[in-house]
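Colleague: Sequence first, then the predicted structure:
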Amino acid sequence: MAASTGPPIQLVAIDDEPESLELIEDALTQPDLEVLTASSPEEGWDLVRRRNPEIVLLDLMMPRIGGMELLEKIVEFDPGIDVVLLTGHYSTESAVEAIQKGACDYLTKPFSPVLLRGRIDKLLLDARKRHHAVELEGELLEASRFENMVGRNPQLLEVFSRIRRVAPHYRIALVTGATGTGKELVAQALHQLSPVASKTFAVCNCSAVVETLFESELFGYVKGAFTGATQDHIGLFEYASGGTVFLDEIGDMPLATQSKLLRVLQNQEIQRVGSPAVRKVDVRVVAATNQDLKTMIADKRFREDLYYRLSMVELKLPRLADRKEDLPLLEQHFLERFARQYNKPMRNLSRRAQALLSRYSWPGNIRELENVLGNACMMAQGDTIDVRDLPQPLREQTPQAGGDEENPTSMAEMEHQHACRVLEWMGGNKVRTARALGISRATLYRILGEDHPDPDDQVPESITGAES
């Protein structure tokens, strides 16, 4: 075997016969393998949970807890552990049962040191390959990071390339894409790579602003402009002058405010509410939306001249469902972040958890993935996330194939049915449903086909940066 350059691989041997443990230690001693032994099933189970080894040698016949029972517990704890069962009473039935329950090999006692080394060497080779793959994934992750975004999908790489080219020169940009695809991250990247990176980056979530307060929020007001205006107040554009204003969910901006925004974009001028004085500002503007602005223009809900002014530079983000090849990178990216945030040694996801995530449609896109993994990192007891750590709605997903009510074909149908299921699990509470999906309430209402918030659903909103 080739010498390993990484940390030693850990092997736990569990056997109530001391001579068997001595034989295992003597036969397997080598520089890149750490052999840990336990003479009782209870001690062995505790060792597995604490050390999470790559390989376990497990005696089939032990007092109090049998090898088959302990095998099931180990596989449930981490299905990625290679478990080899050892027994002095071989039978075809027990061998088949062991393999069915997750064992990777089955050895009959007494075994020769040469045979044991040969079997374990194969497992060590596989473990080293997995370690090497993790190292390569880490290198690929670093190479795939761009201004807090992660991906190697060709569509996304084209977005990264356009951001690099546009950022030094743009004055106005439009970012489009479904909910949770990372529109605010694109806006931040444009700002960070622009000549005004050291200046203010101000955010206005248009879907969260009351219609009557839009002008005051964006342009400010003077003392006495309305009841309660006891002093002058600067708006977002004056506050961010010299920097960048990010208008999230621009499609939710009222038509009256759209016309005033157009003047700001054309002339870099604003007027505070209640004042005829024109004030000069110098801002870059990034707008974002998950809506089809051309359809809104046809429906007279969005100004055509404003759209053409905003779309001089347009960046469109793909859905996570259209870039599934980025899932492993994104999973590792979020695991690293939450491991630091929660101070937990999160290492990876089990193979079956990865398979479950890859089958999911991700209607909430990157934000939903972030929420799922953040919750899973909190719930996980070891350093590996398994299916049991994932949220119930995701664990209970069913394959989608067809075009009827149970098997929708369009993304809109899938989003609607998934939102309805989660709403039911959340007892009809739309705030908690939106939080679980990683979207804003405004987006949830659109997915459900509801025009106005339910007056009985008044739990305070706790989602920030609603639609980026």
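Modeller: Nice, I can see it. Quick caveat, the model's predicted, so the values are computed rather than measured.
Colleague: alpha carbons only for contacts and neighbour counts from here, please
Modeller: Will do.
Colleague: can you give me the helices in the stretch 101-250 of the chain?
Modeller: When assigned using DSSP state H, counting those that start in this stretch, the helices of the stretch 101-250 of the chain occupy the ranges 113-143, 154-166, 183-192, 214-219, 236-239.
Colleague: Determine the set of other helices and strands touching the last one.
Modeller: Same thing as helix 236-239. On a contact count with 3 or more Cα pairs under 8 Å, 6 or more residues apart in numbering; DSSP states H and E, helix 236-239 meets strand 201-205, helix 214-219.
Colleague: hmm, back to that, out of the helices of the stretch 101-250 of the chain, the one nearest E76 is which?
Modeller: Ranking the helices of the stretch 101-250 of the chain by distance to E76, with Cα to Cα as the measure, places helix 113-143 first at 19.2 Å.
Colleague: how far does the closest one sit from the chain's center?
Modeller: Using Cα atoms, centre = their mean, to the nearest Å, the distance from the centre of helix 113-143 to the centre of the chain it belongs to is 27 Å.
Colleague: For it, name the packing helices and strands.
Modeller: In terms of contact count using 3+ Cα pairs under 8 Å, 6+ apart, helix 113-143 is assigned the packing partners strand 9-14, helix 18-28, helix 327-342.
Colleague: Could you list the buried residues of it?
Modeller: Of all the residues in helix 113-143, those buried under the rule 16 or more other Cα atoms under 10 Å are 117, 120, 123-124, 127-128, 131, 141.
Colleague: L390: which of the residues you listed is nearest?
Modeller: Lowest distance from L390 to the buried residues of helix 113-143 (Cα to Cα) belongs to L141, with 22.9 Å.
Colleague: and that closest one, what pLDDT?
Modeller: Here, the pLDDT recorded for L141 equals 87.
Colleague: If we ignore the residues flanking it in sequence, what's nearest it?
Modeller: By the measure of Cα to Cα, 6 or more residues apart in numbering, the closest residue to L141 outside its immediate chain neighbours is L329, 5.8 Å from it.
Colleague: Then L190?
Modeller: On the basis of Cα to Cα, 6+ apart, the spatially nearest residue to L190 that is not a chain neighbour turns out to be A167, at 4.9 Å.
Colleague: about what we covered before: quick one, what contacts the residue nearest to L141?
Modeller: Under the criterion of Cα atoms under 8 Å, 6 or more residues apart in numbering, the contact list for L329 reads 137, 140-141, 150-151.
Colleague: and those residues as CSV, adding distance to L174?
Modeller: Output for those, formatted as CSV (distance: Cα to Cα, whole Å):
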residue, distance to L174
E137, 33
L140, 30
L141, 28
V150, 20
G151, 21
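Colleague: Among the residues you listed, which one sits closest to D16?
Modeller: Looking at the contacts of L329 and their distance to D16, the nearest is E137, at 39.4 Å (Cα to Cα).
Colleague: measure that closest one to H131 for me?
Modeller: When distance is defined by Cα to Cα, to the nearest Å, E137 is 10 Å away from H131.
Colleague: show me where pLDDT drops low in this structure?
Modeller: Residues of the chain meeting the criterion pLDDT under 70: 1-6, 90, 398-414, 424-427, 432, 436, 438, 450-468.
Colleague: can you list the domains in it?
Modeller: Using automatic domain parsing, the domain ranges for the chain come out as 9-141, 150-316, 321-448.
Colleague: Now the terminal residues of the shortest one, how far apart.
Modeller: Domain 321-448 has an end-to-end distance of 20 Å (Cα to Cα).
Colleague: for the residue nearest to C204 when sequence neighbours are not counted, what are its contacts?
Modeller: Across the structure, with Cα to Cα, 6+ apart as the measure, the residue nearest C204 apart from its sequence neighbours is L247 (5.0 Å). Residues near L247 by Cα under 8 Å, 6+ apart: 203-206, 285-288.
Colleague: run the last query once more with 7 Å
Modeller: For L247, the contact set (Cα atoms under 7 Å, 6 or more residues apart in numbering) comprises 203-206, 286-288.
Colleague: Kindly report the same for A197.
Modeller: By Cα under 7 Å, 6+ apart, A197 lies in contact with H191.
Colleague: from now on call the first residue 54
Modeller: Sounds good: first residue 54 from here, last item A250.
Colleague: Compute the distance between the closest residue to L289 other than its chain neighbours and L86, please.
Modeller: In space, L289 comes closest to L271 once its chain neighbours are excluded; the distance is 4.7 Å by Cα to Cα, 6+ apart. Between L271 and L86 the computed distance is 63 Å (Cα to Cα).
Colleague: Can you classify V137 by secondary structure?
Modeller: Classification of V137 using DSSP: H, G, I helix; E, B strand; the rest coil returns strand.
Colleague: what about it, neighbour count?
Modeller: 24 (other Cα atoms under 10 Å).
Colleague: quick one: it and G155 touch, right?
Modeller: No. Under the contact definition of Cα atoms under 7 Å, V137 does not touch G155, with a separation of 9.5 Å.
Colleague: Now D85. Nearest residue, chain neighbours left out?
Modeller: Nearest one to D85, counting by Cα to Cα, 6+ apart, is P61 at 4.4 Å.
Colleague: what about the nearest residue to R448 once chain neighbours are set aside, distance to N201?
Modeller: In space, and not counting its chain neighbours, R448 is closest to V440: 6.9 Å by Cα to Cα, 6+ apart. The gap separating V440 from N201 is 27 Å, by Cα to Cα.
Colleague: Over to L359?
Modeller: 30 Å.
Colleague: swap in M306?
Modeller: M306 sits 28 Å away from N201, going by Cα to Cα.
Colleague: and if you look at R217?
Modeller: Counting by Cα to Cα, the gap between R217 and N201 amounts to 14 Å.
Colleague: That's all I had, so thanks and see you.
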